[in-house]
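J.: coordinates only, sequence not included:
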């Protein structure tokens, strides 16, 4: 087996790294939905990353010093920060404002397709037949869960503008994953690339500028469209918002990003792109736990289809 093949093999460690992020993202979607009406979506994303930035400072604050290579390669980290920090979750939180969770998770399941398309168009990576079959199987598994095994319910799904935002978010995350896997030569200082906290800090340093700008635009739009006498921006400060910010700053931001970056580096973005389809399954499990509803047969069927898609896409020969 060649070194290229072995570096893209699904090992138990790689599977664990790629399963943890969907679990965190499922919780992130639930929390994001709960925060609607409490804080504007772009501002919620900005405060999330500000808190994550502060938490990461003791481990990786040295990256911000002159001479570390960050500022000499600022364009590289600005692109990563734009897609990974500034865009994806801002659009997801915005989507959750106008779209239902079932629609958001359904649209997000298009990520494997985006992975394959971006790889083909921008990186010249051919779309293998097994990858196409794997994508179809994974999407079938997601459809099983979302429709509760009923074709009528799946066909009854109504798409709204928020689904378009989530489609853009899925494309942004796919582009981010390819950027992680295909860094231009000399664009990432070894001292930064070799340490996950330093690498994430470099992305946050530039990504916060994008996220802050998006939040500023959001406030400007809300101020311009507010009714006379109404507050332009409403933030309901309290324990629910504080707990939500702590969770999204630690789980989906630090833990998920650490695991996702390491997982993509091990198996490549084309294979890793199938694992986010586990997010709706974990969301179903969380809902069952919170609502006291036991899993049904379609949860198991969906899981089998998604696992089959991952297995087919990663097979050799």
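T.: Thanks, I have it. From a predicted model like this one, the values you see are computed outputs, not experimental measurements. Numbers count the residues shown, from 1 in each chain.
J.: stretch 9-17: how far from the chain's middle?
T.: Centroid separation for stretch 9-17 versus its chain: 19 Å, with C-alpha atoms, centre = their mean, to the nearest Å.
J.: check which residues of that stretch are buried.
T.: Residues of stretch 9-17 classed as buried: 10, 14, 15, 17 (neighbour count, 16 or more other C-beta atoms under 10 Å). C-beta coordinates here come from the backbone N, C-alpha and C atoms, glycine included.
J.: and stretch 286-304, average pLDDT?
T.: Per-residue confidence for stretch 286-304 averages out to 68 on the pLDDT scale.
J.: scratch that, stretch 181-192
T.: Stretch 181-192 shows an average pLDDT of 88 in the prediction.
J.: gap between the two ends of that stretch?
T.: One end of stretch 181-192 to the other measures 15 Å (C-alpha to C-alpha, to the nearest Å).
J.: hang on, the earlier thing: show me which of the buried residues of stretch 9-17 is closest to residue 95.
T.: Compare each of the buried residues of stretch 9-17 with residue 95 using C-beta to C-beta and the shortest gap goes to residue 17, at 26.2 Å.
J.: quick check: closest non-adjacent residue to that closest one.
T.: Spatially, and ignoring its direct neighbours in sequence, residue 17 is nearest to residue 263 (3.7 Å; C-beta to C-beta, 6 or more residues apart in numbering).
J.: secondary structure and distance to residue 249 added to the buried residues of stretch 9-17, as JSON lines?
T.: Formatted as JSON lines, the entries for the buried residues of stretch 9-17 read as follows, by DSSP: H, G, I helix; E, B strand; the rest coil; distance: C-beta to C-beta, whole Å:
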{"residue": "10", "secondary structure": "coil", "distance to residue 249": "30"}
{"residue": "14", "secondary structure": "helix", "distance to residue 249": "26"}
{"residue": "15", "secondary structure": "helix", "distance to residue 249": "26"}
{"residue": "17", "secondary structure": "helix", "distance to residue 249": "20"}
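J.: circling back to that earlier point, got a list of what the residue nearest to residue 17 touches?
T.: Remark: with contacts taken as C-beta atoms under 8 Å, 6 or more residues apart in numbering, residue 263 is in contact with 14, 17, 18, 21, 272, 275.
J.: let's see 10 Å
T.: Taking C-beta atoms under 10 Å, 6 or more residues apart in numbering as the criterion, residue 263 is in contact with 10, 13-21, 177, 269, 271-272, 275.
J.: Provide a list of residues in contact with residue 131.
T.: With C-beta under 10 Å, 6+ apart as the criterion, the residues that contact residue 131 are 112, 115-116, 119, 125, 270-271, 273-274, 309, 312-314.
J.: among the residues you listed, which one sits closest to residue 60?
T.: Sorting these by how near they are to residue 60, with C-beta to C-beta, puts residue 273 at the top with 27.1 Å.
J.: quick one: that closest one and residue 125 touch, right?
T.: No. Residue 273 is not in contact with residue 125 according to C-beta atoms under 10 Å; the separation is 11.6 Å.
J.: with neighbour numbers in mind, choose between these two.
T.: Shown here are residue 273 and residue 125; by other C-beta atoms under 10 Å, residue 273 has more neighbours (31 against 19).
J.: got a list of what the closest residue to that one other than its chain neighbours touches?
T.: When the adjacent residues along the chain are set aside, residue 273 lies closest to residue 115, with 3.3 Å between them (C-beta to C-beta, 6+ apart). Going by C-beta under 10 Å, 6+ apart, residue 115 touches 125, 127, 131, 135, 170-171, 173-175, 177-178, 268-274, 276, 313.
J.: now do the SS call for residue 115.
T.: At residue 115, secondary structure determined by DSSP: H, G, I helix; E, B strand; the rest coil is helix.
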